[in-house]
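# Whatever this is, show me its structure:
(chains A and B)
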Protein chains: 2
Amino acid sequence: MPVFTEYSSSARDLRILPSFAPPIPRLSLPFSSKENNGEKYEVIIVGVCSSVPGQSNSVKRRPAGLMLDLLLARYGLSDESLLCIDAKPSTLKSGQADGIQPRTLEVFKTLGISDEIENEACHMWQFAFWNPSPDKKKIIERTAVMPEVIPPARFKYEATIHQGRIERIMETDLLRYSKRGVLRNTRLVDVKIDENGDSDFPVVVTMNTNGTERAVRTKYLVGADGAHSVVRQSLGLKLEGESLDHIWGVVDLVADTDFPDIRRRCGIHSPAGSVMVIPRERISTGEYLTRLYVHVPDIVSPEDDQLPAGETGSKADDARQRRSKITLEGILKQAADAMQPYYIRPKDGVIDWWAAYQIGQRVLPEFIVKDSKNAARVFIVGDACHTHSPKAGQGMNVSMMDSYNLAWKLIYQINGLAPSSTPDNPTPLLNTYQTERHETAQQLIDFDRKFSTMFSGQMGATEGLTQEEFQQAFKLNNGFTSGCGVEYPENILVVRDVNPSSSPVQGTDYLSGILRPGRRLLNVKLLRHADGGQRDLHDDTPSTARFRILCLASQDLLDRDSVSAKALERTAMLVTKFPASTIEQIVLHPRLHRSFEWGDIPACVKQTSEMRFYDGSALGDAYSIYGVDPAHGALAVIRPDGYVGVVAQLDDVRQVEDYLQACIRTVS
Amino acid sequence: MPVFTEYSSSARDLRILPSFAPPIPRLSLPFSSKENNGEKYEVIIVGVCSSVPGQSNSVKRRPAGLMLDLLLARYGLSDESLLCIDAKPSTLKSGQADGIQPRTLEVFKTLGISDEIENEACHMWQFAFWNPSPDKKKIIERTAVMPEVIPPARFKYEATIHQGRIERIMETDLLRYSKRGVLRNTRLVDVKIDENGDSDFPVVVTMNTNGTERAVRTKYLVGADGAHSVVRQSLGLKLEGESLDHIWGVVDLVADTDFPDIRRRCGIHSPAGSVMVIPRERISTGEYLTRLYVHVPDIVSPEDDQLPAGETGSKADDARQRRSKITLEGILKQAADAMQPYYIRPKDGVIDWWAAYQIGQRVLPEFIVKDSKNAARVFIVGDACHTHSPKAGQGMNVSMMDSYNLAWKLIYQINGLAPSSTPDNPTPLLNTYQTERHETAQQLIDFDRKFSTMFSGQMGATEGLTQEEFQQAFKLNNGFTSGCGVEYPENILVVRDVNPSSSPVQGTDYLSGILRPGRRLLNVKLLRHADGGQRDLHDDTPSTARFRILCLASQDLLDRDSVSAKALERTAMLVTKFPASTIEQIVLHPRLHRSFEWGDIPACVKQTSEMRFYDGSALGDAYSIYGVDPAHGALAVIRPDGYVGVVAQLDDVRQVEDYLQACIRTVS
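The predicted structure follows:
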């Protein structure tokens, strides 16, 4: 029988709570709305378009605003400083965009919110290509099955799950950090920049909560309000680009079918038309949903029939009228025809959801609006700055990654951690949002146009695109569609070697993991020295807005006064020049000629990196994956968003220092 | 710009919720408390001991009751039918037991509640053995490092995390299924069996909620009320066995130390005494906790000084007095002495928790109390029926596994799914709880006595136990301590072949995965036919109280009228004899001589097992892991708790039928 006499510290009972992300330090003065005249914020996020409720032509809504709100709350902004508004009464709405890329899953994992998707989403592992068969009786045949995710990635599948569920997952996490959460039923009316009243809070936002209108000021405003963005329109910004897409039908159903690949993603090109099959998650009946995209060429001919929001007239009426000709029966018939000789029909005659849609590819030239002093003040993210078709499963991902790119830059600016600036460029860190994400948006648009046209299925006949070319295009673009191959152009946050011969990195197959400034650091499996634990590097680099210096020590680590030892000591010193806890050190070692203890290596390793010091060769070959010669080692800086910022030779701590000084202010 | 016209089924918006476990069907009459006189339930769980609050000698409390409550709620019992009471006002209490075994993690995973533990607990991968060094200057040295988990298991580590957090995780999930959750502030006063009033609800439970006493009736009562169980005492049951353990000190702290293995589990035997090091989770400061167990031989000599609860007298006073001699300073000094030449001290002088405790190993002979008709009515689970020391990290695990063993048997009985019974044995299914868990408890007690004595550190000197013997004992017992090697004795739910030569399974290394009735089915990696998805078998066999027939088809699967085809068709037919959805089919195939489509195999496979049909050779060799010859195949029945029930030759569907008829009632 157990008998205890126990004593406990008062903090101990709090340990039953889930872990909270540590906020990033603030060097700027604390913000208090009480000291200011009128209602003021440091950041306002307009989280959703202000479309008129009940209107049958709803527009797509992405969780880009919610993502940004969540990140800023986790980084430390309080409800007093941060406001996210939403015109809708709740997030509880099943959205249209439902594909989660491997890269997005990686980011969710570093936020500790990927579990439900890992456990309950549909995982698409394979893409099957179906094409007309030379055997006329067979009509169509499977010509290839490819992995859905081709480059190395932590998650080797794309996940499909209701967007409403993604939003609910993010909002649940948000409410751990923010008591208010998203302010509902609040519609944006107008935005303007007015520095006369208060130049520190120059953005004037007029909003309407349940019929009551008020104007508030904010330092920064983010427009995440979708394709019909009021932020964009208020500031006179215009999307550019052509509108080339066709009218499509899409239906979600539990399929009764003998088509053998109903649980694989399929591109079916049949003589009777094209269908894309997207397997989806299991529902509460125990059955599995399937999504079908159908191009209905006979009903509607492709045409640029899109109009800016708010514009009406015969052209818009015409588009609406032609869209209305698409019926559920038409979509189902088209699918059934294209999938012959297999049958497909809704199980028990019930369908889950269907829609007809038209989408043009457009992009906004400027993602940032500046004030008269040239400081970035307004940011456009997500569908508000790039629109495209849903078929490649990109939308929600690219939108959330806009926010992931912007969030840490914003908190660095607000918390006084941003680097020194010049009068003509007061916000160099914030400006990189435009440089990096506009490029990605443009790539997205270009890819979508190509993929969408290719998939329409008319090319085989009219332009001679072969199935091999379609497969090849899928493969080539997979780096982009998986989110793992995105590469940002050079800027202060992406510094590439002018002289490749002096680079410590060999190889150019960046998609396979070779360290490349501007690309995300690939996850590797590592053996931790302190506890013999098998770790994923991504799990030890959570999304807490910290920079990391990745030190890949060389084989001389155990020698006295080695290059490795000196580099480790110098980087440990370097970290102290920057605000406390903004930079973490990660140390890897290659295979060494003998086993060793803490006492055999520089003391700074245990001091700075006790639980971030790994054997890079025991569970996988991190050095070869990253393209680093174990004889020479290397240094790299990993940005808060997981992208490589700079790569340097092991003894070139100076280059690391130069890079970091352009990203973070110093304190000494 | 996207324009949608969409139509949605009303059920669709519910899909944003996390998935719920499907309840097991009910063939018995629905229960309604309204139709009964007085307050009645089908199951009452007494979830925690009714120790007097504020008493300094608190007793250990395990989440066995909460686990049972959660399982029964998930299986489908409503708040009307199921009541769990708890004397305490909340679960928000940091407990003493904190180790989660790999097998417990496996079970948590099949309930979808393992994520937070996977993400945030401390993972112990290794056990380091430290012993006196022949080099006197070194004093102690590391003589070996072993994996913490030796047998194959889905999780290759033991996790440590606050018990209060485990309870919070379970309670969060419980509240998805139960509006009431646990009824707090309700103390059990008395239990008796009284069939005169109402023989269907023969257990009379007197309880006290916030000072108000009332008596209610229930069909079944479960005593999960800890070492000082009132259920046990009310029914006159007595723990048996000796009380051999010493008085120990235990402390949780952030360690300031140069001891190199502070992040590994360590058994340190030094000339100055013994210390066990248990690394623990990271706390909100970013630091990591360490637990130290210290045997303090000089202060208190081992003696049987335990008394049944409630008993007082000079012997109890004496024990309490001797325990009070243990001080925090004494524990820390003992640890510091035993870890010389390394230093260890609390960082910043602060400790997190400490306790002095004495525990004897005892076990209850009968875990079940029956009524006059010999029907099982009261069940004792967890610490209420077995007590032992915490050092091997067993307590919470064995307790929760008691509940996991009992829960599905209870729901089968209550829902009218239990097999036919005889007048002298009306509850054969329920009786297996005693058979299976008493055996495990006895093994636990035996192991604990051995391990505890061995660890006391006095043996090296006095009884000549060598460090090799200690290592060997650790290794040998690892099947048990990991929870992966538990084997239930033969009973109606565990049917072993009388004639080993007719078994379809080769090999006897059951710990490595060879199919063995009475042991849990090892997880294997499988490639799913339908979608090319890489699956863990455990993820497709969630804890939903279903039986599974595991069909390991043979290499003849693609032949017409093959043994495999016939077996699959016959098992598909067999399933229809039992209540709908109580039995699921899982089909594996070995490496075959050609690729194939659904049309090449029996149609029943797609009908019954579309998403549970796998290639057993693509990602691992399931056949060899399970000991099954691909030339012959095999059948096995997996019980709702993941244990193998019976193994049969592929064409011996009759044996599967016989087994299932002893477990589940038939409908045709």
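# Grab the nearest non-local neighbour of residue A:597.
residue B:260 (5.3 Å; C-beta to C-beta, 6 or more residues apart in numbering or on different chains). Quick note: C-beta positions are derived from backbone N, CA and C, even for glycine.
# in stretch A:258-273, what's buried?
The neighbour-count check on stretch A:258-273 (16 or more other C-beta atoms under 10 Å in any protein chain shown) flags A:259-273 as buried.
# what's the most distant pair in those residues?
A:263 and A:271 (24.5 Å; C-beta to C-beta).
# which stretch of helix or strand covers the residue nearest to residue A:597?
Using DSSP states H and E, residue B:260 is not contained in any helix or strand.
# re the thing from before, in helices, which of the buried residues of stretch A:258-273 appear?
Assigned to helices by DSSP state H, none of these qualify.
# ok, those residues vs chain B, which is closest?
Closest to chain B out of those is residue A:263 (3.8 Å), distances taken as C-beta to the nearest C-beta.
# sorry, back to before: which ones are touching the residue nearest to residue A:597?
A:597-599, B:142, B:342 (C-beta atoms under 8 Å, 6 or more residues apart in numbering or on different chains).
# could I get those as CSV with secondary structure and pLDDT?
Shown next, in CSV, are the contacts of residue B:260 (DSSP: H, G, I helix; E, B strand; the rest coil; pLDDT from 0 to 100):
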residue, secondary structure, pLDDT
A:597, coil, 95
A:598, helix, 96
A:599, helix, 94
B:142, strand, 95
B:342, coil, 97
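# Let's see the PyMOL selection covering just the buried ones among the residues you listed.
In PyMOL syntax, the buried subset of the contacts of residue B:260 is picked out as below (16+ other C-beta under 10 Å):
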select buried, (chain A and resi 598) or (chain B and resi 142+342)
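# now the contacts of residue B:260 as JSON lines including distance to residue B:284?
Shown next, in JSON lines, are the contacts of residue B:260 (distance: C-beta to C-beta, whole Å):
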{"residue": "A:597", "distance to residue B:284": "30"}
{"residue": "A:598", "distance to residue B:284": "26"}
{"residue": "A:599", "distance to residue B:284": "30"}
{"residue": "B:142", "distance to residue B:284": "31"}
{"residue": "B:342", "distance to residue B:284": "27"}
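# For residue B:28, state which of the contacts of residue B:260 is nearest.
Distances from residue B:28 to the contacts of residue B:260, taken by C-beta to C-beta, are shortest for residue B:142, at 59.4 Å.
# So that closest one is in contact with residue B:126, correct?
No: in this structure, residue B:142 is not within contact of residue B:126 by C-beta atoms under 8 Å, at 10.8 Å.
# Show the low-confidence segments of the stretch 301-450 of chain A, by residue range.
Scanning the stretch 301-450 of chain A for pLDDT under 70 picks out the ranges A:301-323, A:359, A:390-392.
# whoops, the stretch 1-150 of chain A was the one
In the stretch 1-150 of chain A, residues with pLDDT under 70: A:1-5, A:35-36, A:48-61, A:91-97.
# any chance you could map the strands in it?
A:3-8, A:40-46, A:82-85, A:99-100, A:122-124, A:126-132, A:140-147 (DSSP state E, counting those that start in this stretch).
# OK, contacts around residue A:605?
With C-beta under 8 Å, 6+ apart, residue A:605 has these contacts: A:568, A:587, A:598, A:613.
# Just these: which are in strands?
A:587, A:613 (DSSP state E).
# which one among the contacts of residue A:605 gets closest to chain B?
Once C-beta to the nearest C-beta is applied, the member of these that ends up nearest chain B is residue A:598, at 5.4 Å.
# That closest one and residue B:272, how far apart?
23 Å (C-beta to C-beta, to the nearest Å).
# One more: residue A:639?
50 Å.
# Show me the buried residues of stretch A:258-273 that map onto strands.
A:265-270, A:273.
# nearest spatial neighbour of residue A:608, skipping sequence neighbours?
Per C-beta to C-beta, 6+ apart, closest to residue A:608 is residue A:585, 4.7 Å.
# tell me which element that neighbour is part of?
Under the assignment here (DSSP H and E), residue A:585 is part of strand A:583-589.
# What of residue A:659?
Assigned by DSSP H and E, residue A:659 falls in helix A:653-663.
# Just grab the bridge partners of residue A:255 for me.
residue A:346 (DSSP bridges).
# Please report the distance of it from residue A:552.
Counting by C-beta to C-beta, the gap from residue A:255 to residue A:552 is 50 Å.
# do the same with residue A:330
58 Å.
# do the same with residue A:562
For residue A:562, the distance to residue A:552 - C-beta to C-beta - is 14 Å.
# Number of residues surrounding the closest residue to residue A:135 other than its chain neighbours?
Nearest residue to residue A:135, sequence neighbours excluded (C-beta to C-beta, 6+ apart): residue A:141, at 7.2 Å. Neighbour count for residue A:141, taken as other C-beta atoms under 10 Å in any protein chain shown: 12.
# And for residue A:166?
For residue A:166, using other C-beta under 10 Å, the count is 29.
# Likewise for residue A:134?
Neighbours around residue A:134, by other C-beta under 10 Å: 7.
# dump the residue contacts of it.
Going by C-beta under 8 Å, 6+ apart, the list of residues near residue A:134 is empty.
# State the phi and psi torsions of it.
Here is the backbone geometry of residue A:134 (degrees, to the nearest 10): phi -60, psi -30.
# So what would you say the end-to-end distance of stretch A:255-270 is?
19 Å (C-alpha to C-alpha, to the nearest Å).
# Distance from the chain centre to it, please.
Distance of stretch A:255-270 from the chain centroid (C-alpha atoms, centre = their mean, to the nearest Å) equals 29 Å.
# Likewise for stretch A:494-513?
For stretch A:494-513, the distance to the chain centre is 24 Å (C-alpha atoms, centre = their mean).
# mean confidence for it?
Across stretch A:494-513, the average pLDDT comes to 90.
# buried ones in stretch A:586-593?
Under 16+ other C-beta under 10 Å, the buried positions of stretch A:586-593 are A:586-590, A:592.
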